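1. Turn this into a structure:
(4 chains)
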There are 2 protein chains.
Amino acid sequence: MSSAASSPAPRRTGRPRSPEADRAILDATRAALVELGWGKLTMGDVAARAGVAKTTLYRRWAHKSELVVDAVAALFDEHLELPDRGSLQADIEGVVLQFAALLERPETKTALMAVVAESTRDDALRERIRGAIVDRQKRLVLLGRERAQERGELPREEDPSAAARTADLIFDVIAGAVVHRTLVSAEPVGPEWAREFAVMLVAGLGAGLRR
Amino acid sequence: MSSAASSPAPRRTGRPRSPEADRAILDATRAALVELGWGKLTMGDVAARAGVAKTTLYRRWAHKSELVVDAVAALFDEHLELPDRGSLQADIEGVVLQFAALLERPETKTALMAVVAESTRDDALRERIRGAIVDRQKRLVLLGRERAQERGELPREEDPSAAARTADLIFDVIAGAVVHRTLVSAEPVGPEWAREFAVMLVAGLGAGLRR
DNA sequence: GCAGTTACGCTACGGCTCGTAGCGTAAGAG
DNA sequence: CTCTTACGCTACGAGCCGTAGCGTAACTGC
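-> Got it, this is the predicted structure:
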């Protein structure tokens, strides 16, 4: 969650913000993304769908991109997890298929790249994306590595900074490959692709760390 | 090149389109991307910068996204090549650094994700991006693999469809990782990162194909 | 209860961008 | 020298943005 404000004062006096309006707006945003896509989505349209005044919308989100980040982040919260599938390769295949399924959704597909594009010129937006989406994905990588180390599939790296760099590398490789395959190459990510990718990555990790 | 029209009839009668205007518009587009970014770039502004009437602009490009694709594609033409660096790993490092340098440019950084985002709802735009940008990148992958096979670093795959799938996989991994690192993680791609990435990928390729 | 504070819905607005139309003029082709 | 197309210019309706102003609703603290 953590819609708009959660910083210092949780607001103690006056009429509280309506949680129904929050939900209605985020739902309406996702519906609008599906029907119209990022480019044609307008604040006025979202407000109308949500049965809410436009001013109510602007009280919560200053810009379209922030609203969309929050709307999409909820999907990531719901649909990203990493059950133990028994091996590093199986875990990678699982998370790849899960992430790909998220990107196949029309809401996510049209919105994710757009907000990332805007974030290249907006530091606050980039931080919002990081906190709401990216960091949660990265946690899966850290968890998967921890499990693999417990299984003895990956060595434990002593140098913490090197370990962090490796985790970042793995994260960029996994997330980047899935995003590129789905959105740039516009090809589906099926079980075969996930398998081939995971095979390659596991082999690369083993060799790279065995140096 | 291949700016706007190159389809059937190269237009034989009447006043020809001004090549100076073409160049001026594309230059102005890149300049506007640097100063304003994708989001605030407007057709009117580009026309003014180029010293050209807005109507002249709309005669060539129907939408902002198509104009920007052509403007950015020229950069890819100029700055992407694959000199033989002697080994597969060195070739990968080289192309990664080259691609990353392109993505670090403010024009490219702000524009590339934006047009890809729009292309998820616009098939014509996706084809334009593919022809102007993606296919040229992919050629480097094919060239690099060919060289590696001549050096004996990679086996030759008999099944052509499997070979094509492998090439697509490699392409998505390389391009995706660099894009994700640069635009989502917002971390620089330096020689160390390129080395670690290339080491991992080469190891993964060797093992994956050795099955 | 009652005052204080904040959220809400509604309306209206100026400002900006879009994409097009209409005109007179410029530049090549036959 | 005519035909055809490109060009610059101006003007325009349409749509969206983000805000202001108002009266009303909801909740807190005295």
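2. Contacts only, for the residue most central in space within chain A.
-> The centroid of chain A falls nearest to residue A:133 when counting by Cα atoms, centre = their mean (3.6 Å). Taking Cβ atoms under 8 Å, 6 or more residues apart in numbering or on different chains as the contact definition, residue A:133 lies against A:69, A:72-73, A:76, A:112. In this view, the C-beta of every residue, glycine as well, is placed from N, C-alpha and C.
3. contacts for the lowest-mean-pLDDT helix or strand in chain A?
-> None of the helices or strands of chain A scores lower by mean pLDDT, DSSP states H and E than helix A:191-209, at a mean of 90. Contact partners of helix A:191-209, identified using Cβ under 8 Å, 6+ apart, comprise A:88-90, A:92-93, A:96-97, A:100, A:153-155, A:157, A:166, A:170, A:173-174, A:177, A:181, A:187, B:165-166, B:169, B:173, B:196, B:199-208, B:211.
4. cutoff 6 Å now
-> A:88-89, A:92-93, A:96-97, A:155, B:169, B:199-201, B:203-204, B:207-208 (Cβ atoms under 6 Å, 6 or more residues apart in numbering or on different chains).
5. what's the answer for stretch A:98-107, then?
-> A:30, A:33-34, A:79, A:108-109, A:178, A:182, A:189.
6. Export it to PDB, keeping only CA atoms.
-> C-alpha atoms of stretch A:98-107 as PDB (Å, rounded to 0.1, in the frame of the first residue of the first chain):
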ATOM      1  CA  GLN A  98       5.800 -15.300 -12.500                       C
ATOM      2  CA  PHE A  99       7.400 -12.100 -13.500                       C
ATOM      3  CA  ALA A 100       6.600 -12.800 -17.200                       C
ATOM      4  CA  ALA A 101       2.900 -13.400 -16.300                       C
ATOM      5  CA  LEU A 102       2.800 -10.000 -14.600                       C
ATOM      6  CA  LEU A 103       4.300  -8.300 -17.700                       C
ATOM      7  CA  GLU A 104       1.900 -10.000 -20.000                       C
ATOM      8  CA  ARG A 105      -1.000  -8.300 -18.300                       C
ATOM      9  CA  PRO A 106      -2.100  -5.300 -20.300                       C
ATOM     10  CA  GLU A 107      -2.100  -3.000 -17.300                       C
END
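7. Show me what residue of chain A gets nearest to DNA strand C.
-> Across chain A, no residue is closer to DNA strand C than residue A:14, which sits at 2.1 Å (Cβ to the nearest atom of the strand).
8. neighbours around residue A:153, how many?
-> A count of neighbours around residue A:153, defined by other Cβ atoms under 10 Å in any protein chain shown, yields 16.
9. gap between the closest residue to it other than its chain neighbours and residue A:82?
-> Take residue A:153 and drop its neighbours on the chain: the residue closest to it by Cβ to Cβ, 6 or more residues apart in numbering or on different chains is residue A:88, 4.6 Å away. Using Cβ to Cβ, to the nearest Å, residue A:88 is found at 11 Å from residue A:82.
10. quick one: which of these two has more around it?
-> For residue A:88 versus residue A:82, neighbours defined as other Cβ under 10 Å are more numerous around residue A:88 (21 against 17).
11. OK, contacts around that one?
-> Contacts of residue A:88 (Cβ under 6 Å, 6+ apart): A:148, A:153, A:202.
12. follow-up on the earlier one: so how do I select the buried members of the contacts of residue A:133 in PyMOL?
-> Those of those that count as buried under 16 or more other Cβ atoms under 10 Å in any protein chain shown are selected in PyMOL with:
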select buried, chain A and resi 69+72+73+76+112
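13. Could you list the residues of chain A in contact with chain B?
-> Within chain A, the positions adjacent to chain B are A:37, A:39, A:109-110, A:113-114, A:116-118, A:120-121, A:169, A:172-173, A:175-177, A:179-181, A:183-185, A:196, A:199-200, A:203-204, A:207-208 by Cβ under 6 Å from any Cβ of the partner chain.
14. buried subset of the residues you listed?
-> A:37, A:109-110, A:113-114, A:116-118, A:120-121, A:169, A:172-173, A:175-177, A:179-181, A:183-185, A:196, A:199-200, A:203-204, A:207-208.
15. Quick check: which ranges of chain A have low pLDDT?
-> Counting by pLDDT under 70, the ranges of chain A that qualify are A:1-11, A:208-211.
16. Show me how it divides into domains.
-> A:19-60, A:69-209 (automatic domain parsing).
17. Ends of the shortest one, what's the gap?
-> As for domain A:19-60, its first-to-last residue distance stands at 11 Å under the measure Cα to Cα, to the nearest Å.
18. Just the CA coordinates for the least confident helix or strand of chain A, please, in CSV.
-> The C-alpha coordinates for helix A:191-209 follow below in CSV (Å, rounded to 0.1, in the frame of the first residue of the first chain):
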residue,chain,number,x,y,z
PRO,A,191,8.3,-22.7,-19.9
GLU,A,192,10.9,-23.6,-22.6
TRP,A,193,12.3,-20.2,-22.7
ALA,A,194,12.4,-20.0,-18.9
ARG,A,195,14.1,-23.4,-18.8
GLU,A,196,16.8,-22.4,-21.3
PHE,A,197,17.4,-19.1,-19.6
ALA,A,198,17.6,-20.7,-16.2
VAL,A,199,20.0,-23.4,-17.4
MET,A,200,22.3,-20.7,-18.9
LEU,A,201,22.1,-18.5,-15.8
VAL,A,202,22.8,-21.3,-13.3
ALA,A,203,25.8,-22.4,-15.4
GLY,A,204,27.1,-18.9,-15.6
LEU,A,205,26.7,-18.4,-11.8
GLY,A,206,28.5,-21.6,-11.0
ALA,A,207,31.4,-20.8,-13.2
GLY,A,208,31.6,-17.1,-12.5
LEU,A,209,31.8,-17.7,-8.7
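19. tell me the angle of it relative to helix B:191-210?
-> 120 degrees (axes from the mean of the first three to the mean of the last three Cα atoms, to 10 degrees).
20. just to revisit the earlier point, so which of the contacts of residue A:133 sit within helices?
-> Cross-referencing these against helices under DSSP state H gives A:69, A:72-73, A:76, A:112.
21. can I assume residue A:69 is in contact with residue A:118?
-> No. Judged on Cβ atoms under 6 Å, residue A:69 makes no contact with residue A:118 at a distance of 9.6 Å.
22. Do the longest helix anywhere in chain A and DNA strand C come into contact?
-> Criterion DSSP H: the longest helix present in chain A is helix A:19-40. Yes. For helix A:19-40, a contact with DNA strand C is found by Cβ under 7 Å from any atom of the strand, at residue A:21.
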